[in-house]
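>>> Below is the sequence, then the predicted model.
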Amino acid sequence: MKKIIVVAAVIVCILSTLKSGVITIPKESIRFRVIANSNTQYDQNIKKEVVKNLESELRKIELVPKDILSTRTMIKRSIPTLEKSVENTLNKLNVQQDYSINYGMNYFPQKESNNVIYEEGEYESVVVKLGEGKGDNFWCVLFPPLCLLEGEEGNNDDVEYTSFIKELINKYF
């Protein structure tokens, strides 16, 4: 009887966590973020072009390594390529705007997307800041490689978040 009560308590705790919609990105992860100069449509369009071209460069670099150490090495080696991509994009758009790329520990505010809450905090990341960096931003996870899986433009409303534990509970109860 005690086992049943303990199992039931664990299940209730797990289900309440799953329903809260909070996702914790693993500690062993590297995020990618591009922050627009402002929230004007003009600056947001520039950000979108920069993101599109940077994702293309990241695909060429093949950031799909087996571990975080090799990902770090690949990112460090790729910073000049990423800088060149941003510069080329801005030149192509005839935009005279400063930008910076920072690879290290960077602050990310809490984010809600598709009814999922991503926790705020300091994360290892590549952050591209366009101009004053006061606009809305694009972000995803480079390692594990989640950016390049979802990078295609389109409707992301069809994304479904699942949990192995929840699937087991649903299967047996």
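Cool, got the structure. Residues are numbered from 1 along each chain as shown.
>>> For the top helix by length along the chain, which outside residues touch it?
Ranked by residue count under DSSP state H, the longest helix found in the chain is helix 68-92. With Cβ atoms under 8 Å, 6 or more residues apart in numbering as the test, helix 68-92 has contacts from 28-30, 46, 49-50, 53-54, 56-58, 61, 63, 65, 96-97, 99, 101, 103, 126, 128, 130, 142-143. From N, CA and C alone the C-beta is placed, and that goes for glycine too.
>>> mind listing which of these are in helices?
In this view, the contacts of helix 68-92 that belong to helices under DSSP H are I46, E49, V50, N53, L54, S56, E57, L58, I61.
>>> Name only those of these that count as buried.
Neighbour-count burial (16 or more other Cβ atoms under 10 Å) is assigned, among these, to I46, V50, N53, L54, E57, L58.
>>> where does E124 sit relative to S38, distance-wise?
Distance, E124 to S38, by Cβ to Cβ, to the nearest Å: 27 Å.
>>> so what's the residue nearest to D98 when sequence neighbours are not counted up against?
Leaving aside its sequence neighbours, D98 sits nearest to G131 (Cβ to Cβ, 6 or more residues apart in numbering; 6.1 Å). Contacts were defined as Cβ under 8 Å, 6+ apart; by that measure G131 touches A36, N37, S38, D43, Q97, D98, Y99.
>>> switch the cut-off to 10 Å
35-38, 43, 46-47, 90, 95-100 (Cβ atoms under 10 Å, 6 or more residues apart in numbering).
>>> what does V127 give?
31-35, 100-104, 106-108, 133, 137, 139.
>>> Grab the two from the buried ones among the ones in helices among the contacts of helix 68-92 that are most spread out in space.
I46 and L58 (18.5 Å; Cβ to Cβ).
>>> Flag every buried residue along the longest helix of the chain.
So helix 68-92, judged by 16+ other Cβ under 10 Å, has buried residues I68, T71, M74, I75, S78, L82, S85, V86, T89, L90.
>>> could you measure the third one against F143, distance?
Which is M74. M74 is 9 Å from F143, by Cβ to Cβ.
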